[in-house]
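Undergrad: Predicted model, plus sequence, below.
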Amino acid sequence: MAGGAPTWAVAALGDEPAPLIAAFARHHRAIGASEVHVFLDRPNPEVVRLIGDRDGIFITTCDQAHWDRVNQGRRPERHTGRQKFVSTSVYQSTTCDWVLHCDVDEFISDGAALSKALDKADRSKGLVIRNAERAYLPSSPGEMLFEGGFRHPIVLAPEDIQALYGRFGKFLSQGLTGHHTGKTIVPTGQKWEMGVHHPKALGTGPKPLLTSTNRRLLLHFDGLTPLHYAIKLLKKSFENYSGPKRKIGEARESQYRFTRNHADRPREILRLVEGVQSLDARQAESLLALDRLRLDPFVPRDCDDLDLTRATFDALLRERDGEILAKAGLEM
């Protein structure tokens, strides 16, 4: 920093269609990230083409040759293990003042606001960037990937959640399909390693202290299209890792359990996707009245020439995941 504005880097492991990964990288570089590090979980030359010669964006393909170079050939079995590995490698090597690990379906909405928060932040603590989650509104999903509003976590009594979301309430945690813990941007120079959401101390060091942003600057698109979310459910529901089972929360586990129990009934899976990701007019009005829904549109920066339509994205998903879709009988 040296008296100037704090610098920040973003690190992400991605295995998604190229337009999304390119939008993630281009947007964050455009809003002020000094470095954007994208690690491809499988080769995807189209990502490189779509990013072009923009400086400050670094693409690494995590093929076996990569793991041979950096980890004696061992590829961490779990996706979360690979996330921690690659983001920690950035944390240990960057010259930036702060490092954020997030997924390629998560976007910082306001780079200037983040920079202002970092300028005031205590560099002995991690700064949790609080999140909001995209929900489809009564008039959407439309033609583009990033349409919709953004709902905030909400803590209600079980009977109130039931009244708001009906039978789909049990599949939501604080009214969200995904996490409500945010992602931590971590000051460099500490004896820490990166975690998926929060940093961890190296060895027996003290647990890192955390503070939070006032605004919800992290927008989580938990499924860029309904088809994308359905595929995510199918994949996650049947994961079979060695070792202890990862704790994911009762609401998410309920989604996976439902998917496993209805794997041969695609219409039920599609009803679940719609029920947890879409708001009807009554639900939207209720959340607006409770100040838990924002209608401000999000448009990623430096992406005007990218094809970010649902039709193209879903076509790429069908090409990539045709086998699992055929097995489940999903046609969308």
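TA: Received the coordinates, thanks.
Undergrad: C-alpha from now on. contacts and neighbour counts both.
TA: Fine.
Undergrad: Pass me the low-pLDDT residue ranges in the stretch 1-150 of the chain, would you?
TA: 1-3, 140-141 (pLDDT under 70).
Undergrad: how about stretch 311-319 as CSV, C-alpha atoms only?
TA: Provided in CSV are the C-alpha atoms of stretch 311-319 (Å, rounded to 0.1, in the frame of the first residue of the first chain):
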residue,chain,number,x,y,z
ALA,A,311,-29.7,-19.7,-24.2
THR,A,312,-25.9,-19.9,-24.9
PHE,A,313,-25.0,-20.7,-21.3
ASP,A,314,-27.6,-23.6,-21.2
ALA,A,315,-26.4,-24.9,-24.5
LEU,A,316,-22.8,-25.1,-23.1
LEU,A,317,-24.1,-26.9,-20.1
ARG,A,318,-26.0,-29.4,-22.2
GLU,A,319,-22.8,-30.0,-24.2
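Undergrad: Please spell out which residues along it are buried.
TA: 312-314, 316-318 (16 or more other Cα atoms under 10 Å).
Undergrad: Spell out which residues make up each domain of the chain.
TA: 8-129+183-220, 135-176+222-328 (automatic domain parsing).
Undergrad: ok, the buried residues of stretch 311-319 vs residue 196, which is closest?
TA: Of all the buried residues of stretch 311-319, residue 317 has the smallest distance to residue 196: 24.8 Å, by Cα to Cα.
Undergrad: before we move on, what SS does the closest one have?
TA: With DSSP: H, G, I helix; E, B strand; the rest coil as the basis, residue 317 sits in helix.
Undergrad: export the buried residues of stretch 311-319 to TSV and tack on distance to residue 174 and pLDDT?
TA: Formatted as TSV, the buried residues of stretch 311-319 follow (distance: Cα to Cα, whole Å; pLDDT from 0 to 100):
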residue	distance to residue 174	pLDDT
312	32	98
313	29	98
314	29	97
316	32	98
317	29	97
318	31	95
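Undergrad: can I get these in JSON lines with distance to residue 80?
TA: Listed next are the buried residues of stretch 311-319 as JSON lines, based on distance: Cα to Cα, whole Å:
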{"residue": "312", "distance to residue 80": "28"}
{"residue": "313", "distance to residue 80": "24"}
{"residue": "314", "distance to residue 80": "25"}
{"residue": "316", "distance to residue 80": "24"}
{"residue": "317", "distance to residue 80": "22"}
{"residue": "318", "distance to residue 80": "25"}
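Undergrad: nearest to residue 112, of the residues you listed?
TA: Taking the buried residues of stretch 311-319 together and measuring to residue 112 by Cα to Cα, the closest member is residue 313, at 29.4 Å.
Undergrad: pretty sure that closest one is in contact with residue 16, am I right?
TA: No: with contact defined as Cα atoms under 8 Å, residue 313 does not count as touching residue 16 (9.5 Å).
Undergrad: which of the domains of the chain is buried the deepest?
TA: domain 8-129+183-220 (a mean of 18; mean count of other Cα atoms under 10 Å).
Undergrad: End to end on that domain, go ahead and measure it.
TA: 19 Å (Cα to Cα, to the nearest Å).
Undergrad: Would it be right to say that residue 205 lies in a strand?
TA: No: for residue 205, which was evaluated using three-state DSSP, the result is coil, with no strand membership.
Undergrad: residues contacting it?
TA: residue 191 (Cα atoms under 8 Å, 6 or more residues apart in numbering).
Undergrad: Quick check: it vs residue 90, distance?
TA: In terms of Cα to Cα, residue 205 sits 21 Å off from residue 90.
Undergrad: same question, residue 78
TA: 19 Å.
Undergrad: what's the answer for residue 302, then?
TA: For residue 302 relative to residue 90 (Cα to Cα), the value is 24 Å.
Undergrad: before we move on, what about residue 183?
TA: From residue 183 to residue 90 the distance is 16 Å (Cα to Cα).
Undergrad: again with residue 255
TA: Residue 255 sits at a distance of 33 Å from residue 90 (criterion: Cα to Cα).
Undergrad: again with residue 197
TA: According to Cα to Cα, residue 197 and residue 90 sit 15 Å apart.
Undergrad: Phi and psi next, for the closest residue to residue 109 other than its chain neighbours.
TA: Nearest non-adjacent residue to residue 109, counting by Cα to Cα, 6 or more residues apart in numbering: residue 217, 5.4 Å away. Backbone torsions for residue 217, taken as degrees, to the nearest 10, come to phi -90, psi -10.
Undergrad: these two touch, right, residue 217 and residue 115?
TA: No: if you go by Cα under 8 Å, residue 217 and residue 115 don't touch, sitting 11.2 Å apart.
Undergrad: Point out where the stretch 151-300 of the chain drops to low pLDDT.
TA: In the stretch 151-300 of the chain, residues with pLDDT under 70: 241-247.
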